[in-house]
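A.B. asks: Give me a model of this one.
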Amino acid sequence: MKSLIVAALILFGCFSFNAHAQTYKINKQKYDYKMYMPQPGDPNNPAVMGLASFFIPGLGQMLSGETGRGLAFLGGSIALSGITVAGALMSYDEVTTYNQFGSFTEYETNPTGVAIMLTGLAATIALDVWAIVDAVRVAKVNNMYIQDLRGNLSSVKVELNPFIDTHNYLGQANTSAGLSLKVTF
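C.D. replies: Numbering: from 1, shown residues only. Below you'll find the predicted structure:
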């Protein structure tokens with residue numbers, strides 16, 4: 001059941017996108033995540049995206065519209081977890097000893113397996129923390145882009161209206177037609 005939920009979340013992350021946002025790679029060149037100020041209507045809540053990446057590495061990026069980035073974090077986490085498990089399986093060697101009373105089996109630790117397991121575990125934890133921090137940054141930067149886009153669209157208003165004017169000057173009626181342009185900032 002758990003794997004079904006994870007698969008559904010990944011598929012949801014792959015097919016959900018933010019129609020307004022460019023890619024994070026472009027947005028981070030213009031916007032500094034440290035300058036982020038939350039506003040009503042922001043589509044990506046940084047805390048929720050960080051929490052999503054805490055439970056499933058890369059999910060926060062996927063929900064923020066960065067599917068490829070999120071899948072890279074998820075794949076890396078799965079690969080490093082596999083290395084950790086492989087190291088754990090290699091960490092004990094089965095040794096059968098024969099003596100005058102018969103045979104018995106004992107387990108000895110394999111230092112290479114322990115080293116691989118601990119290295120994989122440390123790398124997995126480091127990647128998971130990086131995924132959480134990155135998800136928060138992606139959400140903030142993409143929100144800043146959308147705020148800027150929303151601000152630019154609402155701050156300038158242009159109206160173009162036709163007009164017809166008839167005026168009487170020295171007993172002569174003159175008619176003029178044209179366009180009026182009104183720009184509001």
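
A.B. asks: following the longest helix along the chain, which helix or strand shows up next?
C.D. replies: Longest helix in the chain, counting residues (DSSP state H): helix 111-155. Scanning forward in sequence from helix 111-155 by DSSP states H and E, the next helix or strand is strand 157-169.

A.B. asks: what's that following strand packed up against?
C.D. replies: For strand 157-169, the packing partners by 3 or more C-beta pairs under 8 Å, 6 or more residues apart in numbering; DSSP states H and E come out as strand 172-184. C-betas here are computed from N, CA, C, even on glycine.

A.B. asks: now the strand it packs on: mean pLDDT?
C.D. replies: For strand 172-184, mean pLDDT rounds to 81.

A.B. asks: send the alpha carbons of it over as CSV?
C.D. replies: Output of strand 172-184 as CSV, limited to C-alpha atoms (Å, rounded to 0.1, in the frame of the first residue of the first chain):
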residue,chain,number,x,y,z
GLN,A,172,-19.0,76.1,-38.5
ALA,A,173,-19.5,72.5,-37.3
ASN,A,174,-16.3,70.5,-37.3
THR,A,175,-16.2,66.7,-36.7
SER,A,176,-13.1,64.9,-35.7
ALA,A,177,-12.4,61.2,-35.0
GLY,A,178,-9.5,59.4,-33.5
LEU,A,179,-8.2,57.2,-30.8
SER,A,180,-7.5,58.1,-27.2
LEU,A,181,-4.7,56.4,-25.3
LYS,A,182,-4.8,56.2,-21.5
VAL,A,183,-1.9,54.6,-19.6
THR,A,184,-2.3,54.1,-15.8
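
A.B. asks: tilt between that strand and strand 157-169?
C.D. replies: 160 degrees (axes from the mean of the first three to the mean of the last three C-alpha atoms, to 10 degrees).

A.B. asks: Please enumerate residues in contact with strand 172-184?
C.D. replies: Strand 172-184 has contacts (C-beta atoms under 8 Å, 6 or more residues apart in numbering) with 156-168.

A.B. asks: Any stretches of the chain with poor pLDDT?
C.D. replies: Applying pLDDT under 70 to the chain picks out residues 1-22, 94-105, 152-156, 185.

A.B. asks: Which secondary structure element is home to the residue positioned nearest the centre of the chain?
C.D. replies: When C-alpha atoms, centre = their mean is applied to the chain, the residue found nearest the centroid is Gln61 (1.7 Å). Per DSSP H and E, Gln61 falls inside helix 59-63.

A.B. asks: ok now the next helix or strand after that helix, how far from the chain's centre?
C.D. replies: Of the helices and strands lying after helix 59-63 in sequence (DSSP H and E), the nearest is helix 67-90. When C-alpha coordinates are averaged (C-alpha atoms, centre = their mean, to the nearest Å), helix 67-90 and its chain have centres 18 Å apart.
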